[in-house]
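>>> everything below, folded, please.
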Amino acid sequence: METTSYGLTKKVDLSFEEAEAKVRESLKAQGFGVLTEIDVKATLKAKLNVDFRKYKILGACNPPFAHKALTAEIEIGLLLPCNVIVYEDDAGATHVSAIDPASAMSMVTNRELESVAGQVREKLVEVVESI
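Residues are numbered from 1 along each chain as shown. Model prediction:
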């Protein structure tokens, strides 16, 4: 797994569809549900009539952690849910990436929120590494 300043990413030896299914399973195993789903390829085709690679954005939420975060900082909903993406690169390889909540929420000065973000980060690391 690689990290960027805002995400956790991994290239996987699975088809796009297999990776998406495994991501959903792994999210569920870590206590997350998928609240939103954006099929970027289909949306860009429908709205702009352009072709784009396979690319899905899954808005994942772990209710107990979301509750803790919202209790600690009511405006944190601006940074929720935690996005996880599955996409194909130009060579056809599949990638899985998740937001790094510790990084994303670091712009908010709140010690309690910092703790929650660290715990959610650990769970999302498990999600990405398990694929």
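
>>> rest of the way, CA atoms for contacts and neighbours
Fine.

>>> can you pull the contacts of the most centrally placed residue in the chain?
In the chain, the residue lying closest to the centroid (Cα atoms, centre = their mean) is V84, at 2.0 Å. Counting by Cα atoms under 8 Å, 6 or more residues apart in numbering, V84 makes contact with 57-60, 96-99.

>>> please redo it, this time with the cut-off set to 10 Å
Residues in contact with V84 (Cα atoms under 10 Å, 6 or more residues apart in numbering) are 7-9, 20, 23-24, 27, 34, 37, 56-60, 96-100, 124, 127-128.

>>> what mean pLDDT does the lengthiest helix in the chain have?
Using DSSP state H, we find that the single longest helix of the chain is helix 111-130. Helix 111-130 comes out with an average pLDDT of 95.

>>> with stretch 12-21 instead?
Stretch 12-21 comes out with an average pLDDT of 98.

>>> in it, what counts as buried?
Buried residues in stretch 12-21, defined by neighbour count with 16 or more other Cα atoms under 10 Å: 12, 16, 19-20.

>>> still on that earlier bit, just the buried ones from the contacts of V84?
Neighbour-count burial (16+ other Cα under 10 Å) applied to the contacts of V84 gives 7-9, 20, 23-24, 27, 34, 56-60, 96-100, 124, 127-128.

>>> dump stretch 66-82 to PDB, restricted to CA.
This file holds the C-alpha atoms of stretch 66-82, laid out as PDB (Å, rounded to 0.1, in the frame of the first residue of the first chain):
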ATOM      1  CA  ALA A  66     -19.500   9.300  12.400                       C
ATOM      2  CA  HIS A  67     -21.500   9.900  15.500                       C
ATOM      3  CA  LYS A  68     -18.400  10.500  17.500                       C
ATOM      4  CA  ALA A  69     -17.000  12.800  14.900                       C
ATOM      5  CA  LEU A  70     -20.200  14.800  14.600                       C
ATOM      6  CA  THR A  71     -20.500  15.100  18.400                       C
ATOM      7  CA  ALA A  72     -16.900  16.400  18.600                       C
ATOM      8  CA  GLU A  73     -17.300  18.800  15.700                       C
ATOM      9  CA  ILE A  74     -20.800  19.500  14.200                       C
ATOM     10  CA  GLU A  75     -19.500  20.900  11.000                       C
ATOM     11  CA  ILE A  76     -17.400  17.800  10.200                       C
ATOM     12  CA  GLY A  77     -20.200  16.600   8.000                       C
ATOM     13  CA  LEU A  78     -18.500  18.700   5.300                       C
ATOM     14  CA  LEU A  79     -15.800  16.000   5.200                       C
ATOM     15  CA  LEU A  80     -18.100  13.000   5.500                       C
ATOM     16  CA  PRO A  81     -18.500  10.300   4.300                       C
ATOM     17  CA  CYS A  82     -15.100   8.700   3.800                       C
END
